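> Sharing a model prediction with you, sequence too.
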Amino acid sequence: MPSVLISDIDGTLLYKSEVTPEPVTRALDDFQKAGNLLGLCTGRAVQGCQTLIDALPPLTLPSIFFGGALIWDTGKRKALKSMPCDQSILEVVQAIFEAYPSVSITLNTEREGWTLRTNKILQTKGVLYDRSSPLITTLPDRKQQILKVLLTDENPEILTEIKLTLLDPTLFHGVFASRHFFEITDSKVNKGTAIENLFHLVPQMEEYKVWAAGDAPSDAMMKPYVDAFAAPVDAHPTVLSVADVTFPSAKEEGICQFLSSLKTQ
């Protein structure tokens, strides 16, 4: 039975890199040439992935960006489904800015990103697109459709406190993308519900065994929406606890081994 793979990028396909290593690119190409389908599912901004996408073989599925807030046709470079935050996100951002001076704050629309405040974590561990987003001193206009807010801090407990005290769960979804990175989207948005939306957009996925792969708590939310879930061996413990299969770390280009195993199923 052919497979669908919906894969996270950072920590799954890549290890601290902006481009896929040649063996990974070749493995992704071989996987699709064997009749399987491939899409990406990431918290990254779509514009922050364009160089990476351009270096990959053409993807056979739409991809998911901003943690599920945008489903994007990477070939046609157009949105298929977009779910922005409630406008009150700007009041939440202002409250975070005033109450938590150590927290970096980056806001993203479909095509733009701005950083209201940066910090060492963002500048040393963030992807290039987020590190280089223009610094702003005032919040964007309320007409801007904010798809995701990214927060970073050295202390994860501060990010947890923000989730518990400032995020109304009926309006916003907050999840850790890694230990120091926290993403805020619309309450109905996560990587799992994005896969559900992808099934509606691409009904032929029902004819495949659908796999998802990821390493962070935000990735574990894909598990209920797919047939099977895979994770690198160095994934977050909560992710490993739900994984059906594990594969070597992205440091070792472990996704290649996993893709090879899918081709033989």
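Sure thing, it's come through.

> need the helices for the stretch 51-200 of the chain, in chain order.
Counting by DSSP state H, counting those that start in this stretch, one finds helices in the stretch 51-200 of the chain at the ranges 89-99, 120-125, 128-131, 156-166, 191-201.

> Can you flag the weakest of those helices by average pLDDT?
Mean pLDDT per stretch puts helix 128-131 lowest among those, at a mean of 92.

> Okay, now the unreliable bits of the stretch 1-150 of the chain?
In the predicted model of the stretch 1-150 of the chain, no residue satisfies pLDDT under 70.

> now the strands: where do they sit in it?
Using DSSP state E, counting those that start in this stretch, the strands found in the stretch 1-150 of the chain span residues 3-7, 37-40, 63-65, 70-73, 78-82, 104-108, 113-117, 148-152.

> between these, which one is nearest to Tyr208?
Distance to Tyr208, taken as C-beta to C-beta, is lowest for strand 3-7 among the strands of the stretch 1-150 of the chain, at 4.4 Å. Bear in mind the C-beta positions are built from the backbone N, C-alpha and C, glycine included.

> neighbouring contacts of that closest one?
Strand 3-7 is contacted from outside by 13, 31, 36-41, 61, 64, 195, 198, 205, 208-214, 222, 226, 255, 259, 262, 265, using C-beta atoms under 8 Å, 6 or more residues apart in numbering.

> Using CSV, please lay out the strands of the stretch 1-150 of the chain together with distance to Gln94 and mean neighbour count.
Compiled in CSV, those are given as follows (distance: least, C-beta to C-beta, whole Å; neighbours: other C-beta atoms under 10 Å):
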stretch, distance to Gln94, mean neighbour count
strand 3-7, 35, 25
strand 37-40, 32, 22
strand 63-65, 25, 27
strand 70-73, 24, 22
strand 78-82, 24, 14
strand 104-108, 10, 25
strand 113-117, 9, 20
strand 148-152, 11, 26
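
> Output the ones you listed as CSV; include the columns distance to Ala95.
Below are those laid out as CSV (distance: least, C-beta to C-beta, whole Å):
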stretch, distance to Ala95
strand 3-7, 34
strand 37-40, 32
strand 63-65, 26
strand 70-73, 25
strand 78-82, 25
strand 104-108, 11
strand 113-117, 12
strand 148-152, 12
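
> Spatially, what comes nearest to Val245 if we skip its sequence neighbours?
The spatially closest residue to Val245, leaving aside those adjacent along the chain, is Ala230, at 4.4 Å (C-beta to C-beta, 6 or more residues apart in numbering).

> Which strands or helices does the helix or strand harbouring that neighbour pack on?
According to DSSP states H and E, Ala230 maps onto strand 228-232. Counting contacts by 3 or more C-beta pairs under 8 Å, 6 or more residues apart in numbering; DSSP states H and E, strand 228-232 packs against strand 209-213, strand 245-247.

> rewinding a little: of the contacts of strand 3-7, keep whichever come out buried.
13, 31, 36-41, 61, 64, 195, 198, 205, 208-214, 222, 226, 255, 259, 262 (16 or more other C-beta atoms under 10 Å).

> Pull the contacting residues for the nearest residue to Val92 once chain neighbours are set aside.
Ranked by C-beta to C-beta, 6+ apart and with sequence neighbours excluded, the top spatial neighbour of Val92 is Leu166, at 5.6 Å. Counting by C-beta under 8 Å, 6+ apart, Leu166 touches 92, 95-96, 99.

> let's see 7 Å
Contact analysis of Leu166 by C-beta atoms under 7 Å, 6 or more residues apart in numbering lists 92, 95-96.

> of the residues you listed, buried ones?
92, 96.

> okay if I get the contacts of Leu166 as CSV plus distance to Leu52?
Converted to CSV, the contacts of Leu166 look like this (distance: C-beta to C-beta, whole Å):
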residue, distance to Leu52
Val92, 30
Ala95, 34
Ile96, 29
